[in-house]
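J.: no FASTA, just this:
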Ligand SMILES: [Cu+2]
């Protein structure tokens, strides 16, 4: 009986394995090899300067909240702050996890029963039964019904994910070895976002290897359309608290979206193994009020759509596009590379 309970515990662990995998995914930023902070893709002069540009002055940087938008060691999904994320988390926590746990325990119980009840000592003459129509119908129909039950919320979630509302803000995210670039094509803003070295992250009270110099800033309550691509190799842009993750493929524009009403700071990472410093190109999304967003746009030399002067409504927005403020940091030769030459596209 003792071994049975032991086996039961193993089955429970197996049933919960997918959750463990997901939880692990959220902490993918954890380093696999010790890397000195000096190897961060930030030039030495840059590293000593607290803020790469004067842009952050107009907007106080939101501090991260414990347990929100970052891995905190929990054995489950991060708190979801988008409607899609909440629907998906409900599907995972309320439907899938109990179902796979119950199925695993049931199968384990059957195995244990057969092993115990029909062992040679207790059952020396084996039965010669080879068919049982009732059982065969049951073990065919029950899995089919389970799949149908799963399919309904699953397809509903897919439909919601792939029918985004009209976009309020469009952001183009471009993956590079090993940093992210962001463009707001309608606002005339370009950013380069590099990971902060450990000492600077600590000084700002942010988690190491998740803090960046330039955050992606979006307004609360707005539908943000993310157009995601890459310059060199395949990366993937994702933020676990938004339930958003999509590949960044050179030469392709992938699209995803998110909307959250909750201001705050949410971290993500690159989710596609993209080279030596794959683990060091984090993502930080700061969700602010609409007023703060307007101030942030102005501070970055951008123009809010409504604020554009009538005379220049037909195009000069492009001419007004400012040069990225901290491009020098990103275009500096990376300390390591696994490519001898950039492939021409
Ligand atoms: Cu990457």
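T.: Cool, the structure landed. Note that this is a predicted model, so its numbers are computed, not measured.

J.: quick one: pLDDT of residue 173?
T.: What the model reports for residue 173 is a pLDDT of 96.

J.: That one and residue 184 touch, don't they?
T.: No - using CB atoms under 8 Å, residue 173 is not in contact with residue 184; the gap is 10.7 Å. Just so you know, the C-beta spots here come from the backbone N, C-alpha and C atoms, and that holds for glycine as well.

J.: Of these two, which one has the most company?
T.: residue 173 (23 against 20; other CB atoms under 10 Å).

J.: What is the neighbour count of the residue in the stretch 101-250 of the chain positioned nearest to the ion?
T.: Relative to the ion, the nearest point of the stretch 101-250 of the chain is residue 235 (3.2 Å; CB to the ion). Residues lying near residue 235 (other CB under 10 Å) number 31.

J.: Provide a list of residues in contact with it.
T.: Applying CB atoms under 8 Å, 6 or more residues apart in numbering to residue 235 gives the contacts 175-176, 247-248, 270-272, 274, 281.

J.: For it, which non-adjacent residue is closest in space?
T.: In this structure, residue 235 finds its nearest non-sequential neighbour in residue 175, 3.0 Å apart by CB to CB, 6 or more residues apart in numbering.

J.: That neighbour: what secondary structure?
T.: strand (DSSP: H, G, I helix; E, B strand; the rest coil).

J.: Near it, how many residues? Count them for me, please.
T.: As a burial measure, residue 175 scores 26 neighbours (other CB under 10 Å).

J.: same thing with the one 5 residues further on?
T.: When neighbours are defined as other CB under 10 Å, residue 180 has 28 of them.

J.: Quick check: which element contains it?
T.: For residue 180, the host element (DSSP states H and E) is strand 179-184.

J.: Report all helices and strands that that strand contacts.
T.: Using 3 or more CB pairs under 8 Å, 6 or more residues apart in numbering; DSSP states H and E, the elements in contact with strand 179-184 are strand 169-176, strand 189-193.

J.: Can you tell me which of the ones you listed is most buried?
T.: Counting by mean count of other CB atoms under 10 Å, strand 189-193 has the highest mean neighbour count of these, with a mean of 23.

J.: and the gap between residue 294 and residue 187?
T.: Residue 294 sits at a distance of 10 Å from residue 187 (criterion: CB to CB, to the nearest Å).

J.: Point out the residues in the stretch 151-300 of the chain that sit beside the ion.
T.: Neighbours of the ion within the stretch 151-300 of the chain, by CB under 5 Å from the ion: 235, 270, 274.

J.: Show me those that map onto strands.
T.: 235, 270 (DSSP state E).

J.: just the residues of the stretch 151-300 of the chain next to the ion now: which is nearest residue 78?
T.: Lowest distance from residue 78 to those (CB to CB) belongs to residue 270, with 17.0 Å.

J.: pretty sure the closest one contacts residue 177?
T.: No - using CB under 8 Å, residue 270 is not in contact with residue 177; the gap is 9.8 Å.

J.: Straight-line length of stretch 246-265, end to end?
T.: Taking CA to CA, to the nearest Å, stretch 246-265 runs 20 Å from one end to the other.

J.: Could you pull out the buried residues of it?
T.: Neighbour counts over stretch 246-265 (16 or more other CB atoms under 10 Å) mark 246-249, 254, 256-260, 264-265 as buried.

J.: follow-up on the earlier one: average pLDDT for the strand holding residue 180?
T.: 95.

J.: Adjacent strands (with direction) for it?
T.: Strand 179-184 has the following strand partners under DSSP bridges: strand 169-176 (antiparallel), strand 189-193 (antiparallel).

J.: residues in contact with residue 268?
T.: Residue 268 touches 237-240, 242, 244-245, 282-285, counting by CB under 8 Å, 6+ apart.

J.: distance of it from residue 290?
T.: Distance from residue 268 to residue 290, by CB to CB: 23 Å.

J.: What residues of stretch 131-148 count as buried?
T.: Using 16+ other CB under 10 Å, none of the residues of stretch 131-148 count as buried.

J.: quick one, domains of the chain?
T.: Domain assignment of the chain by automatic domain parsing yields the ranges 2-29+57-122+135-161, 169-331.

J.: right, and the secondary structure at residue 123 would be what?
T.: Counting by three-state DSSP, the backbone at residue 123 sits in coil.

J.: again but with residue 210, I slipped
T.: Per three-state DSSP, residue 210 ends up coil.

J.: The chain: strands as residue ranges?
T.: 169-176, 179-184, 189-193, 216-219, 224-230, 235-239, 244-248, 254-258, 264-270, 283-288.

J.: Now do the buried residues in the fourth one.
T.: Meaning strand 216-219. Neighbour count says strand 216-219 has 216-219 buried, by 16+ other CB under 10 Å.

J.: Any chance you could list what contacts that strand?
T.: By CB under 8 Å, 6+ apart, strand 216-219 touches 59, 168-169, 171, 173, 180, 182, 191, 193, 224, 283-290, 292-293, 296.
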